[in-house]
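Undergrad: From the sequence below, what's the structure:
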Amino acid sequence: MNVLRLVPSVRPGEAFPGAGIRTRREYLDFEIDGTGLGESLRSLGVDVIAVAPAELGVDALPDGRVPLFVCPEGGALGCGAVTVVLERTAGEVVWRDFGRQTDYDPAVSRERYAGLGPFRFSRAQYDAALS
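TA: Alright, predicted model coming up:
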């Protein structure tokens, strides 16, 4: 079984010459077995922040997939989210089939995320980590 923790994380802000900014965001990242999942995504070139743990388990997309990470600028599903299939049983929670999608297009892009998961958590440990 994997072990899930929530750890404070920061996406640094930045001003770009000429125009545009990158907004600083403080959030709780999902740490799995000592490795930040957000950091793993950034190493793949994906700029996202984790969603609030209270939102996990809510079927936010029509296909039932659950967003774990969203666009750091607006937090909206429309600019892309990293989503998973979230399965719950009495004793276990599984995050599998990582992909990127939006709330306006049913397509899920999985290629970049093929090396992530599946992650299996004890239901008791998972619920405790998110509470």
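Undergrad: and the closest residue to Gly64 other than its chain neighbours, what are its phi and psi?
TA: Take Gly64 and drop its neighbours on the chain: the residue closest to it by CB to CB, 6 or more residues apart in numbering is Val85, 7.5 Å away. Where you see a C-beta, it was placed from the backbone N, CA and C, and this is true even at glycine. Torsion angles at Val85 (phi, psi; degrees, to the nearest 10) stand at phi -90, psi 120.
Undergrad: Give me the number of neighbouring residues for Val85.
TA: 17 (other CB atoms under 10 Å).
Undergrad: can I assume it is in contact with Asp97?
TA: Yes: in this structure, Val85 is within contact of Asp97 by CB atoms under 8 Å, at 4.5 Å.
Undergrad: Pull up the overlap in contacts between the two.
TA: Common contacts of Val85 and Asp97 (CB atoms under 8 Å, 6 or more residues apart in numbering): Arg65.
Undergrad: picking up where we left off before, from Phe98, how far out is the residue nearest to Gly64?
TA: Distance, Val85 to Phe98, using CB to CB, to the nearest Å: 9 Å.
Undergrad: Can you check what pLDDT the model gives the residue sitting furthest away from the middle of the chain?
TA: Relative to the centre of the chain, the most outlying C-alpha is that of Gly18, 31.2 Å out, by CA atoms, centre = their mean. Note for Gly18: predicted pLDDT of 82.
Undergrad: And it, how close does it get to Ala107?
TA: Where Ala107 is concerned, Gly18 sits at a distance of 33 Å (CB to CB).
Undergrad: sorry, back to before: now do the SS call for the residue farthest from the centre of the chain.
TA: coil (DSSP: H, G, I helix; E, B strand; the rest coil).
Undergrad: what's the biggest strand by length in the chain in contact with?
TA: As assigned by DSSP state E, the longest strand anywhere in the chain is strand 92-101. Contact with strand 92-101 is made by 1, 46, 61, 65, 68, 80-87, 107-110, 112-113, 116-123, 126, as judged by CB under 8 Å, 6+ apart.
Undergrad: So which of the residues you listed sit within helices?
TA: Arg123, Tyr126 (DSSP state H).
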